[in-house]
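[1] Could you work out the structure for the sequence below:
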Amino acid sequence: LPYLEGLPERSLLHGAMQRTFDVPRTGGPLLRNAVAVYARNDGLQDQPVYFVREGEGPERMLLDPNTLSDDGAVAVVTASLSPDGTYFAYSVAEAGSDWQVIRIRDVATGEDLPEQLVEVKFSGISWHEDAFFYSRFPGADRSGIGWSTGMSIYRHVLGTDQAADTLEFSNEDEPELGYYASVFDGRLLVLGEWSGTSTKNGLLVRDLDGGDWTRIRRVGEATYTVLRHDDGHLLVLTDHAAPNGCVVRIDLEDPSLVRTVVPEEEEPVETAFAADGALFIVRLVDAAHVVERWSLDGTRLGDIDLPGPGAFFEASGRPDEPHVLFSWQTFTQPSTIYRWDGSELEHFAGAEPRVGFNVTRETATSADGTPVGMFILRAEGTELPAPTIVYGYGGFNINVTPLFAVLGGASFILAFAMQETLGNLFAGVMIMVNKPFDVGDLIDSNGILGEVQAVSIVSTTIRTLDNRIVIMPNASVWGGIITNVTFSPVRRVDMVFGIS
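    Model prediction:
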């Protein structure tokens, strides 16, 4: 818009925001057989690029989605690594479409196999040996935007055409339900079942080699996330009768037999995963994540010493293998991958924390006595008090955990780049709230005596007695002594007369 383009602050703001986003971000880790795949955006790329590392070797590029289209509108939606780390299956969507195409890439050569799987959306990819299970809408019309029904589970064998894929599950009686498949221990195939946008899912299970399906839970009861299989039982994260989340052990022979492994606590469980022969519980404590380790029988083993306070994202590992990769983000560090080796945490890939900033955790008490926790971020050497950007959110069960870039970095950069403007904004708000004067009042501010012509969010306009227009930044008005000459309708006037 011409008006916005003409603002002198626009280029300053644009540069500040560009520097905020121009930060390398690393995430989406996958780990199988000592082969690690992860995604990294150098800051301004349309799509993140996938890299691979084998053992302790150097990284190399595996897939650059930015080369899949001229406009950068083709994105990788789902990615999965085969158990031996030799194949990388990924689904791509164009221009934000829900419909996806699954492709398979040879990790060693970086070349895709000839087969491509279509009629796919909202699908996971779960491997077993040289095949994987995925969700498909057979015969669906992919040209429109209507509601799709008949979601089914298929098995695809590497090197074969999609026409040879075998149907593993379908539900003709309830075609509106959706399904995703997960393989556990190379023995069980578990289906998650959902309806619409509800998170209260059902569970079904059968032997991987075939046989009848056993219903474990029905849709609409609660949320159930299977973490692992252990000796004829499923270890499941659920909110059934536990709003803050707990982990239970469900007997596969008799699903009504349930025993609590990780009990519900005051702090909610955000997610959980199984690795290193244990359970990792990600809990939200005072708006930051804590990662706990629990044994399979329910003994707490301690917490991971994290470079926090921060926010946990994806994790990848195997239930009985010691190494785990997970993404971690703090106010001073963009999304970065760390590795747990069974005893300690180490940096694996991504940016190091930025220096020059202080992060403190404080607590205030609200009017009704409720403690309100907060993080305060400031550059080292900042003199207090200072203009402050305050951000908070509440709703839809979404927690605002520590973030870098847009919320973290932008606050600092904009504060530096526009500190005078922010000071004037703050002072303008104080003037408008406290109303020490109004338009038409005669005031004296910082030695300027005149009538107030206008008050904006950043400045105050005064017409002096000799008919000059003075535009004063609000910071100087609010920061000095304000004398409102016409505030009171009646004033005392002292007059001194000399008599000779």
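
[2] how about D251, what does it touch?
    232-233, 257-258 (C-beta atoms under 8 Å, 6 or more residues apart in numbering). For the C-beta atoms, the positions are set from N, CA and C on the backbone; glycine is no exception.

[3] what's the span of stretch 297-305, first residue to last?
    Criterion C-alpha to C-alpha, to the nearest Å; first-to-last residue distance in stretch 297-305 is 23 Å.

[4] Stretch 463-479 now?
    20 Å.

[5] tell me which residues in that stretch are buried?
    For stretch 463-479, burial by neighbour count (16 or more other C-beta atoms under 10 Å) applies to 472-478.

[6] Test my guess that A364 contacts V372.
    Yes. Counting by C-beta atoms under 8 Å, A364 touches V372, with 5.0 Å between them.

[7] which one of the buried residues of stretch 463-479 sits closest to D305?
    Nearest to D305 among those: A475, at 43.9 Å, using C-beta to C-beta.

[8] So the closest one, which state does it fall into?
    Assigned by DSSP: H, G, I helix; E, B strand; the rest coil, the conformation of A475 is helix.

[9] and if you look at T78?
    T78 ends up strand, using three-state DSSP.

[10] What's the local residue count around it?
    By other C-beta atoms under 10 Å, 17 other residues sit near T78.

[11] what do you get for G110?
    Residues near G110, counting by other C-beta under 10 Å: 13.

[12] that older thread, same list as before, the contacts of D251 that is, but in a markdown table and with pLDDT and secondary structure included.
    Listed next are these as a markdown table, based on pLDDT from 0 to 100; DSSP: H, G, I helix; E, B strand; the rest coil:
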| residue | pLDDT | secondary structure |
| --- | --- | --- |
| G232 | 96 | coil |
| H233 | 97 | strand |
| L257 | 98 | coil |
| V258 | 98 | strand |
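
[13] For those, pick the one with the most neighbours.
    H233 (19 neighbours).

[14] For that one, give me its contacts.
    So H233 contacts 249-252 (C-beta under 8 Å, 6+ apart).

[15] pLDDT wise, what is the closest residue in space to Y134 that isn't next to it in sequence at?
    Distances taken as C-beta to C-beta, 6 or more residues apart in numbering put S123 closest to Y134, at 4.9 Å, once the chain neighbours are dropped. Model confidence at S123, given as pLDDT, is 96.

[16] Can you name the residues that contact S123?
    Per C-beta under 8 Å, 6+ apart, neighbours of S123: 78, 91, 100, 102, 134-136, 180.

[17] What are the boundaries of the helices in the stretch 351-500 of the chain?
    Assigned by DSSP state H, counting those that start in this stretch, the stretch 351-500 of the chain shows helices spanning 408-417, 419-434, 474-478.

[18] mean pLDDT lowest for which of the ones you listed?
    Across the helices of the stretch 351-500 of the chain, helix 408-417 gives the lowest mean pLDDT, at a mean of 46.

[19] Tell me where this structure is predicted with low confidence.
    The model of the chain has pLDDT under 70 over residues 1, 144-145, 393-398, 405-426, 491-496, 500.

[20] how far away is the most centrally placed residue in it from F273?
    In the chain, the residue lying closest to the centroid (C-alpha atoms, centre = their mean) is F313, at 7.1 Å. Taking C-beta to C-beta, to the nearest Å as the measure, F313 falls 12 Å from F273.

[21] Please identify every residue contacting each of those two.
    Going by C-beta under 8 Å, 6+ apart, no residue sits against F313 while also sitting against F273.

[22] sec struct for S69, please.
    S69 - assigned by three-state DSSP - is coil.

[23] excluding its backbone neighbours, what's nearest L234?
    I250 (4.7 Å).

[24] I meant to write R40 there.
    Nearest to R40 is T26, by C-beta to C-beta, 6+ apart, at 4.5 Å.

[25] Can you say which helix or strand has that neighbour in it?
    strand 25-32 (DSSP states H and E).

[26] ok, whichever helix or strand comes after that strand: who's next to it in the sheet?
    As assigned by DSSP H and E, the chain's next helix or strand after strand 25-32 is strand 35-41. Applying DSSP bridges, strand 35-41 is found paired with strand 25-32 (antiparallel), strand 49-54 (antiparallel).

[27] for these, which one ends up most surrounded?
    Across the strands paired with strand 35-41, averaging neighbours per residue (mean count of other C-beta atoms under 10 Å) puts strand 25-32 on top, at a mean of 22.

[28] With just CA atoms, put it into PDB.
    Presented in PDB, the C-alpha positions along strand 25-32 are these (Å, rounded to 0.1, in the frame of the first residue of the first chain):
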ATOM      1  CA  ARG A  25      16.000 -24.100  12.600                       C
ATOM      2  CA  THR A  26      16.600 -27.900  12.900                       C
ATOM      3  CA  GLY A  27      13.900 -30.500  13.800                       C
ATOM      4  CA  GLY A  28      11.900 -33.500  12.700                       C
ATOM      5  CA  PRO A  29      14.500 -36.100  13.800                       C
ATOM      6  CA  LEU A  30      14.300 -39.700  12.700                       C
ATOM      7  CA  LEU A  31      16.700 -42.300  14.100                       C
ATOM      8  CA  ARG A  32      17.000 -46.000  12.900                       C
END
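
[29] Which residues outside it are in contact with it?
    36-41, 43, 48, 50, 79-85, 88, 313-318, 323-327, 334-337, 348-351, 405.

[30] If any of those residues are buried, give me the PyMOL selection for them.
    Written as a PyMOL command, the selection of buried residues from the contacts of strand 25-32, which uses 16+ other C-beta under 10 Å, is:
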select buried, resi 36+37+38+39+40+41+48+50+79+80+81+82+83+85+88+313+314+315+316+317+318+323+324+325+326+327+334+335+336+337+348+349+350+351+405
